[in-house]
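Peer 1: Sequence first, predicted model second:
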Amino acid sequence: MRVKDLNKELLIRQKTIELVVKDGFDGLSMHKVAKAAGVSVNTIYLNFKNREDLIVQVYLGIVNEMDDMLLKGFDVYMNYAEGLKLQWKNRLAYCLKYPLEAQFAEQLRNTPLYLKVMNLQGRRLSATMQKFCANAIKNGQLKELTTEVYWAIAFGPLYQLIKFHQQKKSMSGKKFALTQEKLDEAFGQVIIALMP
């Protein structure tokens with residue numbers, strides 16, 4: 001029996017991310033991944049059961065790394081504005097450092113497979129954020145909102161600015177680069193919207 005090669009597995013994961021970002025999930029096949037990674041299809045099957053397992057395992061790996069980065073320096077008992085600002089900083093850093101991984105995760109969220117991976121992934125980030133928000137509400141630093149409305153207000157502006165930055169243009173087609181000044185402007189408006 002052949003032994004797994006960790007370097008090949010990492011290469012397979014990276015090529016899967018690149019192919020999905022470039023061609024979407026419908027265009028992904030084990031043969032395309034094997035060709036891109038310069039390995040045999042059998043090598044992929046040594047590491048992953050099938051195409052779905054490959055996608056799921058790649059996503060779960062991304063989520064684990066993302067959670068580590070998003071929670072760096074974060075504490076559920078932080079002042080709300082300071083904690084949210086740190087979340088923005090960490091999320092921006094992740095998206096800029098790992099743009100393909102962030103895009104892969106976003107693309108997966110728009111597929112039927114997402115429901116399956118939601119049941120498999122850990123709840124470390126969401127549980128931490130729930131405690132953080134509950135403390136902020138208790139301390140009178142945050143309005144009580146439904147989860148979806150809260151997320152749209154708290155993080156939607158950040159992710160839209162990141163998208164403009166990565167595309168290097170705004171929705172009107174004007175050149176766009178994300179600056180600290182623009183981040184601060186958006187963050188200030190978000191805090192106003194979320195304050196009780």
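Peer 2: Okay, I see it.
Peer 1: list the contacts for F176?
Peer 2: F164, H165, Q167, K168, K169, S170 (C-beta atoms under 8 Å, 6 or more residues apart in numbering). For every residue, glycine as well, the C-beta is placed using N, CA and C.
Peer 1: Distance from the chain centre to the lowest-mean-pLDDT helix or strand in the chain, please.
Peer 2: Every helix and strand of the chain was ranked by mean pLDDT, DSSP states H and E. The lowest is helix 113-120, at a mean of 84. Centre-to-centre, helix 113-120 and its host chain are 15 Å apart (C-alpha atoms, centre = their mean, to the nearest Å).
Peer 1: Just the buried positions in it, please.
Peer 2: V117 (16 or more other C-beta atoms under 10 Å).
Peer 1: Which other helices and strands does the helix or strand just after it contact?
Peer 2: As assigned by DSSP states H and E, the chain's next helix or strand after helix 113-120 is helix 124-138. Applying 3 or more C-beta pairs under 8 Å, 6 or more residues apart in numbering; DSSP states H and E, one finds that helix 124-138 contacts helix 51-70, helix 80-97.
Peer 1: contacting residues around A134?
Peer 2: Counting by C-beta under 8 Å, 6+ apart, A134 has no contacts.
Peer 1: what kind of secondary structure is the spatially most central residue of the chain in?
Peer 2: Nearest to the mean C-alpha position of the chain, by C-alpha atoms, centre = their mean, lies A102 at 4.5 Å. Counting by DSSP: H, G, I helix; E, B strand; the rest coil, the backbone at A102 sits in helix.
Peer 1: if I look at it, how far off is L92?
Peer 2: Note on A102: its distance to L92, by C-beta to C-beta, to the nearest Å, is 11 Å.
Peer 1: Could you do E9 as well?
Peer 2: Relative to L92, E9 is positioned 29 Å away (C-beta to C-beta).
Peer 1: Need the distance between the two termini of stretch 166-175.
Peer 2: 11 Å (C-alpha to C-alpha, to the nearest Å).
Peer 1: pLDDT score for I17?
Peer 2: Looking at I17, its pLDDT stands at 97.
Peer 1: That one: helix or strand, and which one exactly?
Peer 2: helix 6-23.
Peer 1: Can you tell me what sits against that helix?
Peer 2: Residues contacting helix 6-23 (C-beta under 8 Å, 6+ apart): 27-28, 32-33, 36-39, 43-44, 47-48, 54-55, 57-58, 61-62, 100-101, 103-104, 107-108.
Peer 1: Going by neighbour count, which of those residues are buried?
Peer 2: Of these, these count as buried by 16+ other C-beta under 10 Å: 28, 33, 36-37, 39, 43-44, 47-48, 54-55, 57-58, 62, 101, 103-104, 107-108.
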